[in-house]
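Colleague: Build the 3D model from these lines:
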Amino acid sequence: QLTDLLQQYATAFRDPMMLQPPEWFKAFIYCEAFLQLPFFPIAAYAFLKGGCRWIRTPAIIYSTHVATTLFAILAHILFHDFSKSEHAGPQTLRERLVLLSIYLPYLLIPLLLLFTMLCNPHYKHVEKRKRK
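Modeller: Predicted coordinates for the structure are as follows:
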């Protein structure tokens, strides 16, 4: 079952946020469900079709939102006192780094997308000037 798989993951990687998410983490889950997930098919269409410059603004919004949420999650993993958690959390630096490594790709991929949207000449906005 999925609940058994979730329990195994949370135990193996000492991730209590998956079993007993803090309120702020629940808010991020709702954002993911209602903002991020709808973005995926739209972005897949734009990138597979190619030449869709209109994806730039939605991709910038998506990537900055995800990166911002991940900064909070990574800071929580690094600095939170998990000794008070009902479920086992990371206690040693090694355990924190292992858990951090699971979440880190969710930061790196949006940052790569943001960098692409901001720096790739194909996606840069070309301003049209009015002729007199």
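Colleague: Could you use CA atoms for every contact and neighbour count after this?
Modeller: Noted.
Colleague: quick one: buried residues of the helix or strand hosting S101?
Modeller: Applying DSSP states H and E as the criterion places S101 in helix 93-103. For helix 93-103, burial by neighbour count (16 or more other Cα atoms under 10 Å) applies to 95-97, 99-100, 103.
Colleague: Ok, stretch 37-53 next?
Modeller: 43, 46.
Colleague: Any chance you could list what contacts it?
Modeller: Applying Cα atoms under 8 Å, 6 or more residues apart in numbering, the external contacts of stretch 37-53 come out as 55, 58-59, 62, 122-123.
Colleague: before we move on, back to that, is it possible to get the buried residues of helix 93-103 out as CSV so that each row also shows pLDDT?
Modeller: Formatted as CSV, the buried residues of helix 93-103 follow (pLDDT from 0 to 100):
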residue, pLDDT
E95, 95
R96, 96
L97, 96
L99, 96
L100, 96
Y103, 96
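Colleague: Max pairwise distance over the contacts of stretch 37-53: which two?
Modeller: Distance extremes for the contacts of stretch 37-53: the farthest pair is Y62 and H122 at 18.6 Å, using Cα to Cα.
Colleague: sorry, back to before: just send the buried residues of helix 93-103 back as a markdown table, with distance to K26 too.
Modeller: Shown next, in a markdown table, are these (distance: Cα to Cα, whole Å):
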| residue | distance to K26 |
| --- | --- |
| E95 | 23 |
| R96 | 21 |
| L97 | 22 |
| L99 | 18 |
| L100 | 19 |
| Y103 | 16 |
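Colleague: ok, of the residues you listed, which one's closest to M17?
Modeller: Among the buried residues of helix 93-103, and counting by Cα to Cα, the member closest to M17 is L99, at 10.9 Å.
Colleague: Spit out the contact partners of that closest one.
Modeller: Neighbours of L99 in contact, by Cα under 8 Å, 6+ apart: 13-15, 77, 90.
Colleague: Between which two of those residues is the distance greatest?
Modeller: Among the contacts of L99, F13 and I77 lie farthest apart (Cα to Cα), at 11.7 Å.
Colleague: Overlap of the contact sets of those two?
Modeller: 90, 99.
Colleague: Next, the angle from the helix or strand encompassing Y9 to helix 93-103.
Modeller: Element membership for Y9 (DSSP H and E) is helix 2-12. Here helix 2-12 runs at an angle of 140 degrees relative to helix 93-103 (axes from the mean of the first three to the mean of the last three Cα atoms, to 10 degrees).
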